[in-house]
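[1] the sequence isn't on hand, but the structure is:
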């Protein structure tokens, strides 16, 4: 007699998931409320919160149970509502406006996934415009890797940060972050001018007095590294700001500038060193755009050659390479015999948009003069590596002194996949018979850890 096997089936269902979603903010079924300074009462469900947080489990079901509603004095109602979504939904919406509250609550109630996701959000959305705010959160929550990334960004884009509206609106704690760094990519005179602009914005006063500066900067004024200024830089500040220094401060600054061995009693004695992210020749990531086999068609070089690109991750640009330059005459190719002068300008274009305006309206990152040779691969090394960030488009602009008939004969890739998930995408290359062509065929990068 044969035995009939019973059929079984296992299926994914959404009943529980959808039911839990409906409980979010539901007053009728809630068994606890969180009360905020704004008097807002937010309903929740003890069993659901306790299932995901050992801290809340102890609060609601431990030996010393929380009785009644929970008063909240360390978060806003808006931030807490988003934090609750970790318990009721499969997704959340983090913003720079709510991240501080959500991160604090994730740590307070030991919801690890919540806290880790907040750190990830900050790292993925770090820009020069929020670097000071993110740095403060990294310090507060002891996230050393994130803190280091913020400091790299501040150090390498100091002047841009100091001249931004965000800087003028930051609080003293954020400003303190900059003044305590030992390496910045601008002169100390720029730091001083930025400090005075910040005080003017904070005090709403255009004419500064020593009392106003003391009120808003306090001891931070003495963190300005006057030792890093030249004598002329300091003297140039005096017509506008001389009255802000006491006689003792004035004399001490002059002593620091004139005598490297002098130990000041008022101001920070350490000089501020220029930032220089190290370039490592041993770990270069080559972004080779060449399509093997060469090209059947010559591309006639223009007076201004532009190579435009973006990346999906922060990366350090250290050099680029230009193709052979030929003269195309009567169907024959000959190498250009003389050197070809070129002015190189590397610019950053906001928000990955095309820079249709004059170059003066883009952010100029690097300029240099080079001599291109026709019969060699021209490797052009930058005197200082440039940080390439995902939120911007970058252009290498070469103003070339060429005669008519100068060409290159290479086909180029529009996208190059590098190691560690780095992708470089090129934009608006000239097209010849449907193929991308141009002068720059390779970029050299270092990865930023």
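    Yep, it's here. The structure displayed is predicted, hence computed values, not measured ones.
[2] tell me where the stretch 101-250 of the chain has helices.
    Ranges of helices within the stretch 101-250 of the chain are 112-124, 131-140, 144-156, 158-162, 165-169, 172-179, 188-203, 210-217, 231-241, 247-258, based on DSSP state H, counting those that start in this stretch.
[3] pipe these into CSV and attach mean neighbour count and distance to residue 54 per row.
    In short, each C-beta sits where N, CA and C put it, glycine included. Below are those laid out as CSV (neighbours: other C-beta atoms under 10 Å; distance: least, C-beta to C-beta, whole Å):
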stretch, mean neighbour count, distance to residue 54
helix 112-124, 16, 10
helix 131-140, 21, 22
helix 144-156, 19, 25
helix 158-162, 19, 40
helix 165-169, 14, 38
helix 172-179, 18, 32
helix 188-203, 18, 43
helix 210-217, 16, 44
helix 231-241, 13, 56
helix 247-258, 15, 54
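[4] reformat those helices as CSV; add mean pLDDT and distance to residue 365.
    Below are those laid out as CSV (pLDDT from 0 to 100; distance: least, C-beta to C-beta, whole Å):
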stretch, mean pLDDT, distance to residue 365
helix 112-124, 93, 23
helix 131-140, 90, 17
helix 144-156, 87, 10
helix 158-162, 86, 10
helix 165-169, 86, 19
helix 172-179, 86, 20
helix 188-203, 94, 16
helix 210-217, 95, 31
helix 231-241, 92, 23
helix 247-258, 93, 30
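[5] domains in the protein, as residue ranges please.
    15-124, 150-274, 281-447 (automatic domain parsing).
[6] for those, which one sits closest to residue 141?
    Checking the domains of the chain against residue 141 by C-beta to C-beta gives domain 15-124 as the closest, at 6.2 Å.
[7] that older thread, reformat the helices of the stretch 101-250 of the chain as a markdown table; add distance to residue 440.
    Below are these laid out as a markdown table (distance: least, C-beta to C-beta, whole Å):
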| stretch | distance to residue 440 |
| --- | --- |
| helix 112-124 | 29 |
| helix 131-140 | 30 |
| helix 144-156 | 23 |
| helix 158-162 | 25 |
| helix 165-169 | 33 |
| helix 172-179 | 35 |
| helix 188-203 | 32 |
| helix 210-217 | 46 |
| helix 231-241 | 37 |
| helix 247-258 | 43 |
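[8] wait, which of the domains of the chain is closest to residue 139?
    Per C-beta to C-beta, nearest to residue 139 of these: domain 150-274, 8.1 Å.
[9] that older thread, reformat the domains of the chain as CSV; add distance to residue 130.
    Listed next are the domains of the chain as CSV, based on distance: least, C-beta to C-beta, whole Å:
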stretch, distance to residue 130
domain 15-124, 6
domain 150-274, 7
domain 281-447, 11
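[10] which stretch in those is the model least sure about?
    Mean pLDDT is lowest for domain 281-447 among the domains of the chain, at a mean of 84.
[11] residues touching residue 339, list them.
    Residue 339 makes contact with 371, 372, 373 under the criterion C-beta atoms under 8 Å, 6 or more residues apart in numbering.
[12] for it, give me phi and psi.
    Main-chain dihedrals, residue 339, degrees, to the nearest 10: phi -70, psi 150.
[13] test my guess that residue 244 contacts residue 213.
    Yes. Between residue 244 and residue 213 there is a contact at 5.5 Å, judged by C-beta atoms under 8 Å.
[14] how far away is residue 448 from residue 108?
    Distance, residue 448 to residue 108, by C-beta to C-beta, to the nearest Å: 32 Å.
[15] what does residue 210 give?
    Using C-beta to C-beta, we find residue 210 at a distance of 42 Å from residue 108.
[16] now swap in residue 364 and tell me
    Distance from residue 364 to residue 108, by C-beta to C-beta: 46 Å.
[17] again with residue 320
    From residue 320 to residue 108 the distance is 49 Å (C-beta to C-beta).
[18] compare these two (neighbour count), which wins?
    Each of residue 320 and residue 108 has its neighbours counted (other C-beta atoms under 10 Å); residue 320 has more, 23 against 15.
[19] I'd guessed the more buried one sits against residue 380; true?
    Yes. Using C-beta under 8 Å, residue 320 is in contact with residue 380, at 5.6 Å.
[20] what sits against the residue lying closest to residue 443 once chain neighbours are set aside?
    Nearest in space to residue 443, with sequence neighbours left out and distances taken as C-beta to C-beta, 6 or more residues apart in numbering, is residue 287 at 4.2 Å. Under the criterion of C-beta under 8 Å, 6+ apart, the contact list for residue 287 reads 416, 418, 424, 442, 443, 444, 445.
[21] ranking by neighbours, what's the top pick from the residues you listed?
    With neighbours defined as other C-beta under 10 Å, the most crowded of the contacts of residue 287 is residue 443; it has 26 neighbours.
[22] any idea how far residue 386 is from that residue?
    Counting by C-beta to C-beta - residue 443 and residue 386 are separated by 11 Å.
[23] any residues in contact with both of those two?
    Here residue 443 and residue 386 have residue 317 as joint contacts, going by C-beta under 8 Å, 6+ apart.
[24] re earlier: closest to residue 135 out of the domains of the chain?
    Set against residue 135 and scored by C-beta to C-beta, the domains of the chain come closest in domain 150-274, at 3.8 Å.
[25] quick one: the strands in the stretch 301-449 of the chain?
    Along the stretch 301-449 of the chain, counting by DSSP state E, counting those that start in this stretch, strands occupy 304-311, 315-322, 326-329, 332-335, 340-349, 363-372, 378-388, 393-400, 406-408, 415-417, 423-427, 431-432, 435-436, 440-447.
[26] what are the pairing partners of the longest one, and which direction each?
    Put plainly, it is strand 378-388. Sheet pairing of strand 378-388 (DSSP bridges) gives strand 315-322 (antiparallel).
[27] also the third one?
    For strand 326-329, the paired strands and their directions (DSSP bridges) are strand 332-335 (antiparallel), strand 406-408 (antiparallel).
[28] next: the last one.
    Listed by DSSP bridges, the sheet partners of strand 440-447 and their directions read strand 285-288 (antiparallel), strand 315-322 (antiparallel).
[29] export those to JSON lines and tack on distance to residue 266?
    Formatted as JSON lines, those follow (distance: least, C-beta to C-beta, whole Å):
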{"stretch": "strand 285-288", "distance to residue 266": "47"}
{"stretch": "strand 315-322", "distance to residue 266": "38"}
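[30] great, nothing more from me.
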